[in-house]
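> Okay, structure incoming, though there's no sequence with it:
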């Protein structure tokens, strides 16, 4: 499957310009799109240097870019133990409230501290830093979630060693809204739902109250980030640093997130991973094809990079439900395969998710609602059963469900009945298929392939050493000036004065009149 | 000259889809881009019907679209006399203040009444209307300035006869801001300068005060438009009608207008006319070429479609200034050629403006700062002397001047010295050339040719019968809800209550304490 309306950009749009790009990626699913962009930019003849830790979940070398690795004080086991922490979170149905809070909190703490360690390892590696500063980079391509999660260390690094380099962000969202804030982009809480609320763009009064409160809370939460001062760089805040960014490529669009105001340097590139660029080897395709072919079609079930094993009790529920449906099920699962796997279920350590979703026999997609999976489902118009696990997933899932393309289930409290009901709905109720087909047509009908567009704007920033003409003057205003509060104060004062003077004049006149009458 | 980075879109992006487009254009320079888009859509195999009056300034048949004409109660002379009204406005230096106001006002009144008459002629033409309603159009492409200036008649027409048809606008701007308002697009007055102010995006306190006052005034001015009720269609306001529009193509970009928030259905297509698609016949090119070639190069001087003759006193000043410069001057002028035209000046009834600006010998462009001319100057990186006449031109000129690409002169008070100074500046001070070259590079470096992009989105609306997925939920909110004033009122009440209860509790405690002390 290729994009129906894919525009063909010239291979080297700037003629003879070949630049040098520094890529500071983030691990996990964040790596996927960054890698695709880095590869494509390298393939077009630019020099691309990707800086990654020696040990990571999935980051590694590529065909068209150079990798520069730095040692880190952890090994693969540490990463594996980090990844397996989701097991505690998934066991929430048997946990008390405090245990739930505790397991969530310790998961977040561990991940943040891990990223912090990674960033420190890069920052304090004098030889890598000195090597990088000697390179003449034209731009940096990065995922600013790294910057936010690493609590300012990477910020200092970027600032000290590469100050002045124009930067392109590629991200899904910074949940506290720092991305929107630093782009000076308006986001009215009346119809732009905040993350963690699971609201859509249509909110009732109480939802708007909560959305406004969440906006205020996130604003307060992101403020400490803005004033974090390390190494006496206290005057440069996150906000200022992010606002120096030349542009942000958002792994989303008006379908996953709702239509809302955007600044000219915010570009939607959701769906980079949907375009099948490396089809499966023919043998493998034939093998898969023969298994999935059948009257009732099949269901694809994956829970993303981070989650490939589930607690036994949940696995048992899922298998029992699958046993009762006529469809075959392809399940990405790396743990030990249970004995009682039904005949119609195939548990595989790796599945070609995008290729399977593009198969004509697919009936439904059970997904954790990560943005990559959602876009692949959307692209190939597959109705979805969404079981979000964390991060942006609960909001992603609700947003897609509000569009009528699937149902949302809570994996921690899932039962055979709820899963069967969900699967039955999306497979047999044609409204889900119709909705996803309509949205799919909208999503794919765009002037550009998202990868081409990402590459285009990154190259733009490289060849012009920035994109200053897209920087809004709002960045030069403080909060009072931006909202014209000083102007409103002046106008209110003038109105007040006019009213007071008029009143006094009238009173004087009235008094004189009444005196005159008395005299008469 | 072609766009350096022009993306090649597939000829028929929707495969076998060929639709029917209704085009309701506006006359004058507004016609240029609408015609180009209509022609290109027709060339791609769609059926295109352009509805125009029998008599007009420049609207007429094309190669790839069908025209449907309707009779109007005026002739070519009426149009000519309307166009010559600018002569009164240009004589302002010899007029008193009241005469100035009067000539401006009567010009605006005449133009509005003319457009009104045109719209009425279409609306009350039963045979044309009935013919149109029998066609199965997929979409309407129009310039909503027509709709606004014709004071609701066309609105009624569109609504009654073609209700439900998805609409694409192509416009420069609606000066009262109705376009932004109806798109629910935020435009903070702190850095988004309003038309008629001549401000840039960097305003001091007093400029922000004026910009805010102008915003409020325009808001009030546009409100009566919103409540105009003809033919008992009182419930449907302009605002609602415009908000039903599926998208607006803006003949601008972040260079002519400054970076500001946009909604996803607002697309920038500034510069459609810059791409040379029909080069001059070779004979003519050679003839022009031999005249303009010379050591000092040449200056192009045009004042747009509407103004081709000037009052004698202004013509004399201009000719005297041109006599004193080493450059040759090509001047578009349709009036009687004076006797004392200097040797280096050629006055022609029509000049190939875009082609001349693309010529390597051009040194400066004297323009009235209409958006088409400005984009052609920008595209070919020609420094400009801008002499705005009215409409959006004074603001256009100041915006471009603030970017350092030229100087602004007042044509009504122009002298030989000021013009010579202006020409000398832009020709000999390299900063103007450098600025325009930099901006030109930014302007031309974009993923799409603006004509292709206009055609793409128009076709999009045709094939999907709209673009509902780009419609912001803000349209469903009223003013109080949009600004969350109800939410803020609730939160303020809660805070007030909490403070009051706390105060009362504290007072009670204090009282008890003091009583106890007294008892002790």
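That came through, no problem. Please read all numbers here as calculations on a predicted model, not as lab measurements. Residues are numbered from 1 along each chain as shown, chains lettered A, B, ... in the order given.
> okay, CA-based contacts and neighbour counts for the rest of this
Fine.
> which helices and strands does the helix ranked longest in chain A pack with?
Secondary structure of chain A read by DSSP state H shows that its longest helix is helix A:485-519. Under the contact criterion of 3 or more C-alpha pairs under 8 Å, 6 or more residues apart in numbering or on different chains; DSSP states H and E, helix A:485-519 touches helix B:205-227.
> For chain B, see how far away the most centrally placed residue in chain A is.
Residue closest to the average C-alpha location in chain A (C-alpha atoms, centre = their mean): residue A:172, at 1.9 Å. According to C-alpha to the nearest C-alpha, to the nearest Å, residue A:172 and chain B sit 17 Å apart.
> The stretch 1-150 of chain A: helices as residue ranges?
Along the stretch 1-150 of chain A, the stretches classed as helices by DSSP state H, counting those that start in this stretch are A:30-43, A:76-83, A:86-90, A:97-123, A:126-134, A:144-149.
> ok so, going back, isn't the residue nearest to the centre of chain A right next to residue A:250, touching?
Yes: with contact taken as C-alpha atoms under 8 Å, residue A:172 and residue A:250 are classed as touching, separated by 5.5 Å.
> ok so, going back, can you mark which positions in the longest helix of chain A are buried?
Going by neighbour count (16 or more other C-alpha atoms under 10 Å in any protein chain shown), the buried part of helix A:485-519 is residue A:487.
> what does the stretch 351-500 of chain A put close to chain B?
Residues of the stretch 351-500 of chain A that fall close to chain B, judged by C-alpha under 8 Å from any C-alpha of the partner chain: A:442, A:445, A:447, A:453, A:456, A:460, A:469-474, A:481-484, A:487.
> Filter these down to the buried ones and express that as a PyMOL selection.
The PyMOL command for the buried members of these (criterion: 16+ other C-alpha under 10 Å) is given here:
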select buried, chain A and resi 442+445+447+453+456+460+469+470+471+472+473+474+481+482+484+487
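> Mark which of the residues of the stretch 351-500 of chain A next to chain B are part of helices, please.
A:442, A:453, A:456, A:460, A:481-482, A:487.
> what about the residue of the stretch 351-500 of chain A at minimum distance from chain B, distance to residue A:265?
Residue nearest to chain B within the stretch 351-500 of chain A (C-alpha to the nearest C-alpha): residue A:472, separated by 4.8 Å. Computed as C-alpha to C-alpha, to the nearest Å, the residue A:472 to residue A:265 distance reads 9 Å.
> Just to be sure, residue A:170 is in a helix?
No: using DSSP: H, G, I helix; E, B strand; the rest coil, the secondary structure at residue A:170 is strand, not a helix.
> just to revisit the earlier point, mind putting the ones in helices among the residues of the stretch 351-500 of chain A next to chain B in JSON lines, pLDDT included?
Conversion of those to JSON lines gives the following (pLDDT from 0 to 100):
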{"residue": "A:442", "pLDDT": "92"}
{"residue": "A:453", "pLDDT": "94"}
{"residue": "A:456", "pLDDT": "95"}
{"residue": "A:460", "pLDDT": "93"}
{"residue": "A:481", "pLDDT": "94"}
{"residue": "A:482", "pLDDT": "94"}
{"residue": "A:487", "pLDDT": "96"}
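> Determine which two of those are furthest apart.
For these, the maximum inter-member distance is 42.7 Å, found between A:442 and A:487 (C-alpha to C-alpha).
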